[in-house]
Structures are given as C-alpha cells and as structure tokens.
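Asks: got a structure for you, letters missing:
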C-alpha cells in the first residue's frame, strides 16, 4: 500500500538533528588528561554534559504525534508504516546513545572524586547510591520488564554499570520492543486495508433491482488466504516480539509480553532454535475466511437481509483488528512516557549525587 506523504509539521525532526547525528561519539577521555582542572570543575563539566544530552534526547519527537492522537486506525497504520516514523525511531536511538555516553564518562569522574575522600565520607555516598537504586526500583515498572529490571538492580555490577544497563533495558528492551510491535502490526493492518477493504467494493454487486447481492467469493477467499499465509508463524512478518532480527527470548519473557499485549495463548510460539516469540493474532482473518462460502461457481447470491447479517459479522472482525492497533498505540505511548520519565528521574538523582560530592570536596 502506498503511504501518503506525511504532513505533520509539529512532529518533524529538530533543525539541529543532522548536526548531532553526523557528529561521532566523543572518545572517552581519562581523568588524567584533565590535570589542569580541579575535581569540582571536572564534576561540573560532566554534569553539564549529562544534562545537555538528556535535554537533546527529550527534544526528539517520539510517540504518537499530537495531531494524530485519537485518529482512526487506518490513519495510525499509515503513520506507523511510514518512513517518517522509522526516521524518528532512529533519531531517538541515536540521541539515547549520546545521553548514555556522557553518563559513562560521568561515572568515571564521580568515582575518581569519591576515591579522594576519606572513608567516613564515602559511606554517605555509598548509601546514596543504594537509595537511588531503591527509588528507581519503586517507580511503577512495566510488567514486560519487571523481572529483568530487578535482576539488573540486584546484580553485583558497579553502580554506574547498573545504571547503564537499566537505561539500555528500558530503551533497547522495552521501548524498542513496542517500536517493532507497532510497526509490524501497522504493516499487517495496512496490508488488510489494501488487499481486502479497498477491493471489497469490486467484489460486491447488487442484482435483482437491489433485492439481492452477489459476493465474489472466488476473489475474496484467495485474498484472505494470502494474508493469512503472510502473517502466520513461522513467517517473520508474524512476529511482534522480539524483533526477529534480534532472535528469540525465553518462554517466560515472551509470555510476559503476550499477557501485557492482551493476546491469546496461541500467540506464544516456539521457534526452531528452541527460543520463543509472540506472534500477532490472525483469528479475525480466519473467522472472516470461515464466514465466506466456497461454491464451485465462485460467487453466492444472497438476499439483502442475509448479506447484511454476513457483512455485520465480517466488519466486526475488522473492528477487532482496529481495536488491537489502538491498544498497541496506547501501550507504545505509555512506553515512551516511561522511558522519558525514567531518564529524567535518573538525571535528577545524578545531579543530587553530584551536589553531595561537590559539597564534600568543598568541605
């Protein structure tokens, strides 16, 4: 299906996007290189870099554009299948990398500053690290990643390594999961619109002075079968989570996502390599197919009452697909909000931690 050119001025990429994307990530600079700086100056520079890159990431358009919120499923599917959406997903990925890089450098600076303090002062900072992790754990964590987030917080890794792993989980595990889900299901729904909805008018003809209707079953059934084949497991087109390019996941992880998506148990599928994935529910298509007779003539003639009853049932299945897309859209919006709020909360904690360090260094 050809996607119309987008006209969402409020959701276009920022003017400085190319400048930021084209710039290579700065190499990590050892603290010793900054010998001419005081520890407090190093601390201030690293915090400013953190805040600047977080602000740049949050400026990046994400989620559902305001002007499309509440739009019909057909419009949403067009947008999520468009090049504009793909560009914005890539933009946020790059901005996220540019936020985590200074966080890694800040960890080096913060730890260097901490090591210059006497042991009795360090304990207060160790306690602050524990408090930060506890507060991050207490944020309302989505069910899809709750177990993995807890594992990463409780790991034996160093504090800043844990923070980087949490940011990675939320961006590349949680948000990226929904980015693929919404794009994959939108492709499916756009295909349905192009191959079924748009052609239905050619497969239905009035006859007998409007008292009867001819339905060209020999055209409708193959079109439905073609879609079913395209989006049935093990076809890669059928996979919602995880992105097929990333392989499979454990049964428990896949089932957590299936439940969060509100899909039936049949959507949990085992892959050839023994891992699992979540596939889309094509039940509406099979129900549609079952409702279409297959006479040898290739068509049926129904009176208007029988045709309207059939059409009502057929359209009800289309509504199921629309509702699924609307539901996934809301979950995708929630994932964007959680991602941004988590990183803003983390940044606030790191600023407070830096203030504690600065006060101790000034003492």
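Replies: Yep, that arrived. It should be emphasised that the depicted structure is a prediction, and the values quoted were computed from it without experimental measurement.

Asks: Going by C-alpha atoms from here, please, whenever you check contacts or count neighbours.
Replies: OK.

Asks: by contact count, what packs against the helix or strand residue 98 falls within?
Replies: Taking DSSP states H and E as the definition, residue 98 sits inside helix 83-115. Helices and strands touching helix 83-115, by 3 or more Cα pairs under 8 Å, 6 or more residues apart in numbering; DSSP states H and E, are helix 17-22, helix 39-59, helix 119-138, helix 159-168, helix 304-362.

Asks: what's the angle from the last one to helix 39-59?
Replies: In other words, helix 304-362. 170 degrees (axes from the mean of the first three to the mean of the last three Cα atoms, to 10 degrees).

Asks: Quickly list the domain ranges of this structure.
Replies: As recorded under automatic domain parsing, the domains making up the chain are 13-183+333-362, 188-326.

Asks: can you pull the buried residues of stretch 40-50?
Replies: Neighbour-count burial for stretch 40-50, counted by 16 or more other Cα atoms under 10 Å, picks out 40, 42, 43, 44, 46, 47, 49, 50.

Asks: Can you tell me how far the second one is from residue 302?
Replies: Residue 42 sits 80 Å away from residue 302 when distances are taken as Cα to Cα, to the nearest Å.

Asks: do the fifth one as well
Replies: Residue 46 sits 74 Å away from residue 302, taking Cα to Cα as the criterion.

Asks: Considering the domains of the chain, which stretch scores lowest in mean pLDDT?
Replies: In terms of mean pLDDT, the lowest-scoring of the domains of the chain is domain 13-183+333-362 (a mean of 85).

Asks: Give me the distance from that one to the chain's centre.
Replies: 17 Å (Cα atoms, centre = their mean, to the nearest Å).

Asks: do the same with stretch 328-348
Replies: With Cα atoms, centre = their mean, you get 10 Å for stretch 328-348.

Asks: what's in contact with it?
Replies: Applying Cα atoms under 8 Å, 6 or more residues apart in numbering, the external contacts of stretch 328-348 come out as 50-51, 54, 58, 62-64, 136, 167, 170-171, 174-175, 178-179, 181-182, 261.

Asks: Could you rerun that using 6 Å?
Replies: Contacts to stretch 328-348, defined as Cα atoms under 6 Å, 6 or more residues apart in numbering, come from residues 63, 175, 178.

Asks: if I pick residue 240, what's in contact with it?
Replies: 181, 278, 279.

Asks: Surely the second one is in contact with residue 265?
Replies: No: with contacts counted by Cα atoms under 6 Å, residue 278 stays clear of residue 265, the gap being 9.4 Å.

Asks: I'd like the contacts of stretch 328-348 as JSON lines, with secondary structure, neighbour count and distance to residue 334 appended.
Replies: Shown next, in JSON lines, are the contacts of stretch 328-348 (DSSP: H, G, I helix; E, B strand; the rest coil; neighbours: other Cα atoms under 10 Å; distance: Cα to Cα, whole Å):
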{"residue": "63", "secondary structure": "coil", "neighbour count": "22", "distance to residue 334": "9"}
{"residue": "175", "secondary structure": "helix", "neighbour count": "23", "distance to residue 334": "9"}
{"residue": "178", "secondary structure": "helix", "neighbour count": "25", "distance to residue 334": "10"}
